[in-house]
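Asks: Based on what follows, work out the 3D shape:
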Amino acid sequence: MTAQLFKLDPVKLGLFVSRLESVCEEMGAVLQRAAFSPNIKDRLDFSCAIFDARGELCAQAAHIPVHLGSMAYAMADIVSACEWHAGDMVVVNDPFLGGTHLPDVTVIAPFFDERGELLAFIVNRAHHADIGASTPGSMPLSQHLDEEGVVIPPTPLVRNGELDRDLLNSWFGEGQHGDFIAQISANRSGLVRLAEVIAALPLPFPNAVAQLQDYAEGIARRRLAELPAGTYHFTDYMDGDGFGHSRLAIAVSIRLGGDDVVVDFSGSAAQVAGNINCPLSVAAAAVYYVFRCLMPNEVPVCMGLFRPIQLSAPVGSLLNAQRPAAVAAGNVETSMRITDAVLGALAQAVPELIPAASQGSMNNVAMGGLRNARGEAATWNYYETIAGGMGAHADGQGLSAVQSHMTNTLNTPVESLEMHYPLRIKRYALRKQSGGSGQFAGGEGVIREFEFLAPAQFTLLTERRSIAPWGLAGGGDAQPGRNLFNGQALPAKVSMHANIGDVLTIETPGGGGWGGLKASEV
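Replies: This is a model prediction of the structure:
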């Protein structure tokens, strides 16, 4: 049998999948341990993946869904737009060219075999707290993409193995290179490990990848064919954009029947002035994530898994915004609401499989020192997302104090935060009674209280402050979140100055309840 006709049996195919995933996991370990910032080394706000020569996703680690889904959707366009050479790496963060928002910087390394044939791409994406935005933490209350920091189109960062430090210096100060070096190191690790995987294959790598993609696609189509045929609608709402536009619709129509699915966001709000807009790649990431959750656990997460999904959103809408729309919160907040809307529609088809709404916000907190009298940039920048409640479901209660859905990060440990920044955590606790009631209660949110030990500017980009996470099957809604500054209520989206001794309190939403209470429990 020739190599071109060689078929991997199920065991060998399973080993191939596991080995590719292990390459991504090792890349993540290198990135975490080599990074300097708490965002990467403590919160784990990064993702690693392998793509084939056409830019189709082959494997990923269990990192950040919004990172990986958006890369899976848009990588092919980046691959076709660049000229690739061995020893090079390309950097990009442009949201309208496959990125998410500007702080998420992607580094791409091509993999060539010993004959010089381009076989794959090693990729990682990591969040940088300072990307040169108009406010510290690089998550501003913005109305234009240029306010959100340095926009990087696909640009060679490493040429023939040599880092272009002058290029980095033109974007950022020398003290900000550490996390970029960590990303480069992670990719180099991935290139070495992928070479070992390919060398052990009994057939050419493209052939093995084609079988992998077909296998995943077959599982996906069989699973979709099991779902009840019909068209299911749901509309959820964003609190607002921070500039006067409120109760913005995320409307979805999902058509099931046969072995594919059509997801249409017609009827959703138009793009707005504030930065809750998102490029279509972010909307795709949310849709991919939900349908991945409906698949068997053992299915490989690759592009074949997503081939049966047809996605559309009106051009110029909140979910398919056009340049130069502001998008900093689209990646982190709108993606969460898209997830809620898609889950809400699917709950009509398979109610026993779908949970109530989780907290529905990443509760973004960005802060840093003020510019000095000479206008020089802040000496420190910090960004974090804060956990909340997870929705309950037919099998039990929602989890408390966890990141859910489109984020998969950890918290920043109090010790790390206080060591790196002029901040003190005065309180970090469960927010009691914030989960929705029901046969199964929703998870509880958290209370996180910051005391400023130096003058600072902070920005909040939060959601589910006025529109509560919903319950299912008769379960109650969760408590919406609250933002407080020195005990006074703040809007969901705001940017302010803080003085020494001021206290910022974030109370995150709970998760919705599932199932009506029995008469004896009312």
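Asks: Quick one: low-confidence residue ranges for the stretch 151-300 of the chain.
Replies: Within the stretch 151-300 of the chain, the segments meeting pLDDT under 70 span 173-175.
Asks: so where do the helices sit in it?
Replies: Assigned helices in the stretch 151-300 of the chain, in chain order: 165-171, 178-199, 205-226, 280-293 (criterion: DSSP state H, counting those that start in this stretch).
Asks: Most tightly packed of the ones you listed?
Replies: Mean neighbour count (mean count of other C-beta atoms under 10 Å) peaks for helix 280-293 among the helices of the stretch 151-300 of the chain, with a mean of 24. C-beta: built from backbone N, CA, C; applies to glycine.
Asks: buried sites along the helix or strand following that helix?
Replies: Heading C-terminal from helix 280-293, the first helix or strand you meet, by DSSP states H and E, is helix 303-306. Residues of helix 303-306 classed as buried by neighbour count (16 or more other C-beta atoms under 10 Å): 303, 304, 305, 306.
Asks: which other helices and strands contact helix 303-306?
Replies: Applying 3 or more C-beta pairs under 8 Å, 6 or more residues apart in numbering; DSSP states H and E, we find helix 303-306 packed against strand 57-60, helix 205-226, helix 280-293.
Asks: contact partners of the shortest one?
Replies: Contacts with strand 57-60, where a contact means C-beta atoms under 8 Å, 6 or more residues apart in numbering, come from 17, 20-21, 23-24, 47-52, 68, 71-72, 75, 120, 209, 212-213, 300-303, 306.
Asks: what about it, average pLDDT?
Replies: The average pLDDT within strand 57-60 is 93.
Asks: Disregarding flanking residues, what is the spatial nearest neighbour of residue 62?
Replies: The shortest distance from residue 62 to any non-neighbouring residue, by C-beta to C-beta, 6 or more residues apart in numbering, is to residue 408 (7.1 Å).
Asks: what helix or strand does that neighbour sit in?
Replies: Assigned by DSSP H and E, residue 408 belongs to neither a helix nor a strand.
Asks: Could you pull up the contacting residues of it?
Replies: Here residue 408 is in contact with 44, 62, 63, 64, 65 (C-beta under 8 Å, 6+ apart).
Asks: Residue 246 too?
Replies: Contacts of residue 246 by C-beta under 8 Å, 6+ apart are 239, 240, 466.
Asks: Please report phi then psi for the closest residue to residue 324 other than its chain neighbours.
Replies: What sits nearest to residue 324 in space, not counting adjacent residues and going by C-beta to C-beta, 6+ apart, is residue 145, at 4.3 Å. For residue 145, the backbone dihedrals (degrees, to the nearest 10) come out as phi -50, psi -40.
Asks: hang on, residue 145 packs against residue 322?
Replies: No - assessed by C-beta atoms under 8 Å, residue 145 is found out of contact with residue 322, at 10.5 Å.
Asks: Can you pick out the residue with more neighbours from these two?
Replies: Legend: neighbour count by other C-beta atoms under 10 Å for residue 145 and residue 322, higher for residue 145 (22 against 13).
Asks: does residue 295 really touch residue 221, like I thought?
Replies: No - under the criterion of C-beta under 8 Å, residue 295 makes no contact with residue 221, lying 10.7 Å away.
Asks: and the residue nearest the centre of the chain, backbone torsions?
Replies: By C-alpha atoms, centre = their mean, the chain has its centre lying nearest to residue 66, at 2.6 Å. Reported as degrees, to the nearest 10, the phi and psi values for residue 66 are phi -70, psi -30.
Asks: Who are the contact partners of it?
Replies: 100, 282, 285, 286, 289, 331, 332, 335, 406, 407.
Asks: how far away is it from residue 247?
Replies: Residue 66 sits 23 Å away from residue 247, going by C-beta to C-beta, to the nearest Å.
Asks: cool, and residue 205?
Replies: 50 Å.
Asks: what does residue 40 give?
Replies: Counting by C-beta to C-beta - residue 40 and residue 247 are separated by 36 Å.
Asks: Ok, residue 198 next?
Replies: 52 Å.
Asks: what's the answer for residue 261, then?
Replies: 28 Å.
Asks: Please apply the same query to residue 369.
Replies: 36 Å.
Asks: between those two, which one's more packed in?
Replies: Between residue 369 and residue 247, counted using other C-beta under 10 Å, the more crowded position is residue 369 (18 against 11).
Asks: Figure out the helix or strand that residue 74 lives in.
Replies: Here residue 74 is assigned to helix 65-81, by DSSP H and E.
Asks: can you pull the buried residues of that helix?
Replies: 65-76, 78-79.
Asks: What is the longest helix along the chain packed up against?
Replies: Looking across the chain with DSSP state H, the single longest helix is helix 10-34. Judged by 3+ C-beta pairs under 8 Å, 6+ apart, helix 10-34 is in contact with helix 38-41, strand 46-52, strand 57-60, strand 118-127, helix 178-199, helix 205-226.
Asks: Work out the gap between the fourth one and the centre of the chain.
Replies: To tie it back to what came earlier, the one meant is strand 118-127. 16 Å (C-alpha atoms, centre = their mean, to the nearest Å).
Asks: what pairs with that strand, and is each one parallel or antiparallel?
Replies: Sheet pairing of strand 118-127 (DSSP bridges) gives strand 46-52 (antiparallel), strand 104-112 (antiparallel).
Asks: Equivalent analysis for the third one, please.
Replies: Pairing partners of strand 57-60, with direction, according to DSSP bridges: strand 46-52 (antiparallel).
Asks: What average pLDDT does the partner strand get?
Replies: 94.
Asks: same thing with stretch 490-498?
Replies: 98.
Asks: Contacts for it, please.
Replies: Against stretch 490-498 from outside (C-beta under 8 Å, 6+ apart): 135, 140-141, 239-242, 274, 329, 367, 370, 452, 455-463, 465-466, 483-485, 504.
Asks: list the buried ones in it?
Replies: 490, 492, 493, 495, 498.
Asks: Please list the residues outside stretch 81-90 that contact it.
Replies: Here stretch 81-90 makes contact (C-beta under 8 Å, 6+ apart) with 78, 97, 107-110, 112, 116, 118, 154-161, 184, 187.
Asks: Repeat the analysis, applying 6 Å as the threshold.
Replies: With C-beta atoms under 6 Å, 6 or more residues apart in numbering as the test, stretch 81-90 has contacts from 107-110, 112, 118, 154, 156-161.
Asks: Let me know the closest of those residues to residue 256.
Replies: The closest of those to residue 256 turns out to be residue 108 (C-beta to C-beta; 35.0 Å).
Asks: Next one: the closest one, what pLDDT does it get?
Replies: So residue 108 comes in at 96 (pLDDT).
Asks: That one against residue 122, yeah?
Replies: No - applying C-beta atoms under 6 Å, one finds residue 108 not in contact with residue 122, separated by 7.6 Å.
Asks: coming back round to it: roughly how far out does the helix holding residue 74 sit from the chain middle?
Replies: For helix 65-81, the distance to the chain centre is 13 Å (C-alpha atoms, centre = their mean).
Asks: And the next helix or strand past it?
Replies: strand 89-92.
Asks: pLDDT of that following strand, averaged?
Replies: 96.
Asks: Also stretch 313-328?
Replies: So the average pLDDT for stretch 313-328 ends up being 97.
Asks: Tell me the buried residues in that stretch?
Replies: 313, 314, 317, 318, 319, 320, 321, 325, 326, 327, 328.
Asks: Leaving out chain neighbours, which residue sits closest to the fourth one?
Replies: Take residue 318 and drop its neighbours on the chain: the residue closest to it by C-beta to C-beta, 6+ apart is residue 269, 4.7 Å away.
Asks: cool, the third one as well?
Replies: Among residues not flanking residue 317 along the chain, residue 268 sits closest, at 5.0 Å (C-beta to C-beta, 6+ apart).
Asks: Thought residue 250 was touching the one you found, still the case?
Replies: Yes - with contact defined as C-beta under 6 Å, residue 268 counts as touching residue 250 (5.4 Å).
Asks: Can you show me the strands along the stretch 301-450 of the chain?
Replies: Applying DSSP state E, counting those that start in this stretch to the stretch 301-450 of the chain gives strands spanning 309-312, 364-369, 381-384, 423-431, 445-452.
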